[in-house]
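A.B. asks: Here is the input, now give the coordinates:
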Amino acid sequence: MGDVWTWIISFLILITLVGFIVYQLICLADLEFDYINPYDSASRINFVVLPEFILQGFLCFFYLVTGHWFMSLLGVPYLYYNFQLYSKRQHLVDVTEIFNLLDWEKKKRLFKLAYMILTLFLTIFWLIYSTLDDHED
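C.D. replies: Numbering: from 1, shown residues only. Model prediction:
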C-alpha cells in the first residue's frame, strides 16, 4: 500500500509541475497576442520559475528516497538542465529581451511540458500497476 501512496504523491507533484509550465505558456501566448505587456508577462513567469525548479528537485529526490531508481534517473536530465539555467543565471525571463526570445521561450516550455507529460504517463502506469498488484495479494 505504501507504493501506491508514493505514486499518488508523485502524480500530484507532476500535475502541479504541468500546471506551472502551462501557466508560463499561457503568459507567453498572452504576450504574443498583446493581451499583457512584457513586464507583467515576465513577472508572472519569473514568479513560478523557482518553485518549478524546487519542486522538480524534490520529486527527483523523492523518487530516489523511495527506491524508484528508474524514475529518479529519468528526472536527472531535466534537473541538470534546470541547474545549468540557474547557475548561469538564465532561469529568469528578461523583460527587455522577451520579444526577441519569445519563440525560444515557448519551445523550451513545450519541451518541458512534453517531458512532464511523459513522466506523468509513466507515473499513472505505475500507479495502476501498484494498485492492481496490491489487490492480487
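
A.B. asks: Give me the helices and strands touching the helix or strand bottoming out on mean pLDDT in the chain, please.
C.D. replies: Within the chain, no helix or strand scores below helix 102-136, which has a mean of 90 by mean pLDDT, DSSP states H and E. In this structure, helix 102-136 makes packing contacts with helix 2-32, helix 69-87, judged by 3 or more Cβ pairs under 8 Å, 6 or more residues apart in numbering; DSSP states H and E. For glycine as for every other residue, the C-beta is placed from the backbone atoms N, C-alpha and C.

A.B. asks: which strands and helices sit next to the first one?
C.D. replies: Judged by 3+ Cβ pairs under 8 Å, 6+ apart, the packing partners of helix 2-32 are helix 38-65, helix 102-136.

A.B. asks: what's the distance between it and the middle of its chain?
C.D. replies: Centroid displacement of helix 2-32 relative to its chain, using Cα atoms, centre = their mean, to the nearest Å, is 6 Å.

A.B. asks: returning to what we had before: for residue 104, which of the helices and strands packed on helix 102-136 is the nearest?
C.D. replies: When the helices and strands packed on helix 102-136 are compared by Cβ to Cβ, helix 2-32 sits nearest residue 104, at 10.4 Å.

A.B. asks: relative to helix 102-136, how tilted is the closest one?
C.D. replies: If you take axes from the mean of the first three to the mean of the last three Cα atoms, to 10 degrees, helix 2-32 sits at 160 degrees to helix 102-136.

A.B. asks: Got phi/psi on residue 97?
C.D. replies: phi -110, psi 0 (degrees, to the nearest 10).

A.B. asks: Distance of it relative to residue 107?
C.D. replies: From residue 97 over to residue 107 the distance is 15 Å, taken as Cβ to Cβ, to the nearest Å.

A.B. asks: any weak-confidence spans in the chain?
C.D. replies: For the chain, applying pLDDT under 70 flags the ranges 1-2, 134-137.
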